[in-house]
Every structure is written in structure tokens, then in C-alpha cells.
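Asks: got a predicted model here, sequence first, then my questions.
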Amino acid sequence: MQIATFNINGIKARINALPDWLREASPDVVVLQEIKSVDAAFPRELFEDMGYTVETHGQKSFNGVAILSKLPLEDVTRGLPGDDGDEQARWIEATVMGDVPVRVCGLYLPNGNPAPGPKYDYKLAWMARLKTRAAELLAAEEPALMAGDYNIIPLDEDAARPEAWRKDALALPASRAAFREILNLGFTDAFRTRVPGPGHYSFWDYQAGAWQRNDGIRIDHILMTPDCADLMRDCRIDAAVRGGEKPSDHVPVVVDLAA
DNA sequence: ATGACCTCGTCCCGAGGA
């Protein structure tokens, strides 16, 4: 089973590029971030006609996440627990009913800039709630993964120019520590089990020819519980998508599970 | 050497992103 995460930066803007990639890569499941659309405006028929079940958790203009799946979904929930006052659409989960059921969480973690400030406080508070949910997933001792745009550069090797990010919310020590806290509960970063070392990115800014110069960062991650990691066959970043027609500034990350 | 982009909204600029 192939499960992908893809920050599409607007479903309307990616109305051709996303279906093109789905036809080419044919993932069984994809979690989307930044759909930037309310649920009613999401072009669900387009994806249903391609064989996908569509579950969205959208909002106007900003944020918004979704799950597309060729396999049946059960127990869909929306919103990250822990703050009933949080209006931002950044979390969705569902159980994918393959040969082995897998709990799939799609997330769009807050950017947090400028730091320090209220937006950074929101990022760290959101990560604390994420850690709580992550601990629950581990306690269930079942295959589960959390995939999405984490807006975290875990290590210097995950940026082409680490010094440029030193004071950024994506790489500040407190951001990295919060990400490590979650990893240290017992999660596995799928991509890093397959490919070590620098030079592997999932985001390139639209500005300044970042793609052409390979001035990227790795901020889209798939974190797996041990029961899920035991099923992993492969993981890849589909970087070529960034060079396509009218691309998102992010590219898909794909994990292959024996499930 | 410097500057350089893109998306959405009810919209020709500002906010947000990373």
C-alpha cells in the first residue's frame, strides 16, 4: 500500500497538477495539506471519478487538510484534540482498511513565524497537543502513521543553507526539540530509514530560483509507530514533481507498506 | 551585487506563507 503526503498549496491552483501526479504515481492513499478551500468547494467528484474516497477538513482561504483513498476509510475524525477553541483546519485522521488496517493522520503543523511571538507560541502549543495524540497512537500498539507538512527542519542536513534558517521558527532549537520529543516517544521518520545524509528536500521556495539551485528544505515527514515501521518496504521523495507544470512549492513524500 | 514568488479574496493590494 502506498501512502503519500502532499502540501498542494491550494486545490484550485493545483487542479491539473494534482490529478496528473495521482495518475502517474497512483498512490492508494494521499493526505493533502493547504487545500485552502471550504469543504463544499473542494472538487471531490474529480477525485471520486479517479477511484478515490474523499474526506476533507477545510476552511476559507488558508490551511485545510484532506484524505483521498482508494481503499475504504473508517472512523474519520477532524481536528487535533486538546483545544476546542482552535479554529484552524490542520488535522484529519482515518483508518485505511487494507490487508492490515492502518490509522492515517494528516497534519499541517503551524509555520510559527515570526518567532518569538503569538504565532510561535501557537506552533509550540500545537506540537504539545500533537505529542499527546502521538502517545495515544503508540499506546494502541497498532499500525499508525502521522504524515504531513510539519514545518520543521529536523537537522542542519535537512537544509541546503542551514545558517539561513538559524533564527526561523522551522529550525529554532525549541522547534527541533519539540519534534524530537515526539520522535523519542518511539516514532520512526520513514524517509531517514532509507536515505541518509544531506541534499534531500521536500520544499523549494518559489522565489530566487530556489528549485533551480536546489536550495531546499526537508519539512514534509511521515512518522510511523513501531507496528507501522515493521510493515515499511520503501520511502521516497518525489522531487521531480517540483519541476512540473505550475507546481506546488512542496513535493510528495511516499511510503510503501506491506499492508 | 541585487533581486527575485505564489495564492486567496469578492480582489488590482494586503495578508500569509516558508
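Replies: That came in fine, so what should we check first?
Asks: so which bits of chain A are right by DNA strand B?
Replies: A:7, A:9-13, A:34, A:36-37, A:60-62, A:110-111, A:113, A:119, A:149, A:151, A:170, A:203, A:205-209, A:217, A:219, A:246, A:249 (Cβ under 7 Å from any atom of the strand). Using the backbone N, CA and C atoms, a C-beta is placed for each residue, glycine as well.
Asks: mind running it again at 6 Å?
Replies: Applying Cβ under 6 Å from any atom of the strand, we find that chain A lies next to DNA strand B at A:9-10, A:12-13, A:36, A:60-62, A:111, A:113, A:149, A:151, A:170, A:203, A:206-209, A:217, A:219, A:246.
Asks: can you list the buried residues in stretch A:224-234?
Replies: Buried residues in stretch A:224-234, counted by 16 or more other Cβ atoms under 10 Å: A:Met224, A:Thr225, A:Asp227, A:Cys228, A:Ala229, A:Leu231, A:Met232.
Asks: dump those into TSV; add pLDDT and secondary structure as well.
Replies: Output for these, formatted as TSV (pLDDT from 0 to 100; DSSP: H, G, I helix; E, B strand; the rest coil):
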residue	pLDDT	secondary structure
A:Met224	98	strand
A:Thr225	98	coil
A:Asp227	98	helix
A:Cys228	98	helix
A:Ala229	98	helix
A:Leu231	98	coil
A:Met232	98	strand
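Asks: closest to A:Thr77 among those?
Replies: The closest of the buried residues of stretch A:224-234 to A:Thr77 turns out to be A:Thr225 (Cβ to Cβ; 17.2 Å).
Asks: just give the number of residues close to the closest residue to A:Leu231 other than its chain neighbours.
Replies: Spatial nearest neighbour of A:Leu231, chain neighbours left out: A:Leu257 (4.4 Å); criterion: Cβ to Cβ, 6 or more residues apart in numbering. For A:Leu257, the count of nearby residues is 26 (other Cβ atoms under 10 Å).
Asks: residues in contact with the most centrally placed residue in chain A?
Replies: Closest residue to the average C-alpha location of chain A: A:Gly148 at 0.9 Å, with Cα atoms, centre = their mean. By Cβ atoms under 8 Å, 6 or more residues apart in numbering, the residues touching A:Gly148 are A:Thr5, A:Asn7, A:Val31, A:Gln33, A:Val65, A:Cys105, A:Gly106, A:Leu107, A:Tyr108, A:Leu109, A:Asp220, A:His221.
Asks: can I take it that it is in a strand?
Replies: Yes. Using DSSP: H, G, I helix; E, B strand; the rest coil, the assignment for A:Gly148 is a strand.
Asks: quick check, pLDDT for it.
Replies: Per-residue pLDDT puts A:Gly148 at 98.
Asks: from A:Trp126, how far off is the closest residue to it other than its chain neighbours?
Replies: In space, and not counting its chain neighbours, A:Gly148 is closest to A:Leu107: 3.7 Å by Cβ to Cβ, 6+ apart. According to Cβ to Cβ, to the nearest Å, A:Leu107 and A:Trp126 sit 9 Å apart.
Asks: can you check which residues contact both of these two?
Replies: In contact with both A:Leu107 and A:Trp126: A:Leu80, A:Arg90, using Cβ under 8 Å, 6+ apart.
Asks: give me the residue from chain A nearest DNA strand B.
Replies: A:Gly10 (2.8 Å; Cβ to the nearest atom of the strand).
Asks: doesn't A:Ala41 make contact with that residue?
Replies: No. Proximity of A:Gly10 to A:Ala41 does not meet the contact threshold set by Cβ atoms under 8 Å, at 11.5 Å.
Asks: select the longest helix from chain A.
Replies: In chain A, taking DSSP state H as the definition, the longest helix is helix A:118-139.
Asks: show me what counts as buried in that helix.
Replies: A:Tyr120, A:Tyr122, A:Lys123, A:Leu124, A:Trp126, A:Met127, A:Leu130, A:Lys131, A:Arg133, A:Ala134, A:Leu137.
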